[in-house]
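>>> sequence first, predicted model second:
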Amino acid sequence: MHTYTAIVLAAGQGKRLGLGFNKQLLTLAGVPMIIHTLRLFARDEACANMIIVAREEEREQLAALVEQYDVPRVQCIITGGAERQDSVYAGLQVAKTALVLIHDGARPFTRQAVLRGLVNAAVETGAAIAAVPVKDTIKRVKSGVIEETIERAPLWAAQTPQAFQLPLIRQAHDEARAACYVGTDDASLVERLGREVAIVPSDDLNMKVTTPADVKVAEAILTERGHNDD
């Protein structure tokens, strides 16, 4: 069995939710969102350990939650950087397994089958991301006027987790830092090297909780199916 380290990004501020505190600490069905997310990986036997990347002032609070909810295999909680890319880079410096899965702490509903698919694809190709086909019609717009309707068939919406062989994603981040390049996600840094990134089909339930409407959907998901995401 191929094992991996999960790098979980947990430094979000919850501005769009209007919380005034880190949205990772928002309770869903009575449990902090970050705990729901960590439990995804705790249930996966292939997850060797987890690295939580957080703001310095919240590390102790997150450590207390990990202990309170008895989340296993948390290797460490480290301080992130000014930008998401900096936080991922910090996590990569302490990862030790041959594979890493990089995941947003605000996506608590990834299916176990997607995790397994990502691991298998990353072993084979070096890099893979969870994604879903784009369903809406996409328009290219300039100055409030449609310039073009873009063919929808080849378009996919990227999600996390994103899985990589550790040497490859470290190289991608190192070269991006050297060039002062900021990518839209980690996969874009690997694409910049000319490497292929595989797609592992996911689903719309692998949502990122960002808005008040998302919170209502997340609560409904937990009410309907509990914590079983197989």
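Nice, thanks for sending it over.
>>> return the helix or strand encompassing Thr223 as CSV; C-alpha atoms alone will do.
Per DSSP states H and E: Thr223 is located in helix 212-225. C-alpha atoms of helix 212-225 as CSV (Å, rounded to 0.1, in the frame of the first residue of the first chain):
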residue,chain,number,x,y,z
PRO,A,212,-23.3,31.4,4.4
ALA,A,213,-25.2,29.4,1.8
ASP,A,214,-22.4,26.8,1.8
VAL,A,215,-22.7,26.5,5.6
LYS,A,216,-26.4,25.6,5.2
VAL,A,217,-25.6,23.0,2.5
ALA,A,218,-22.9,21.5,4.7
GLU,A,219,-25.2,21.2,7.7
ALA,A,220,-27.8,19.5,5.5
ILE,A,221,-25.2,17.1,4.2
LEU,A,222,-24.2,16.1,7.7
THR,A,223,-27.8,15.8,8.8
GLU,A,224,-28.6,13.5,5.9
ARG,A,225,-25.7,11.2,5.8
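>>> list the buried residues for that helix?
Using 16 or more other CB atoms under 10 Å as the test for burial, helix 212-225 gives 214-215, 218, 221-222. For every residue, glycine as well, the C-beta is placed using N, CA and C.
>>> and what of stretch 129-144?
Applying 16+ other CB under 10 Å to stretch 129-144 flags 129-132 as buried.
>>> just the residues you listed now: which is nearest Pro154?
Ala131 (11.8 Å; CB to CB).
>>> buried sites along the host helix or strand of Ala157?
Using DSSP H and E, Ala157 sits in strand 156-165. For strand 156-165, the neighbour count (16+ other CB under 10 Å) marks 158-165 as buried.
>>> that older thread, which pair in the buried residues of stretch 129-144 has the greatest spatial separation?
Across these, no pair lies farther apart than Ile129 and Val132, at 10.7 Å, counting by CB to CB.
>>> what is in contact with the two at once?
Taking CB atoms under 8 Å, 6 or more residues apart in numbering as the criterion, Ile129 and Val132 both touch Gln159.
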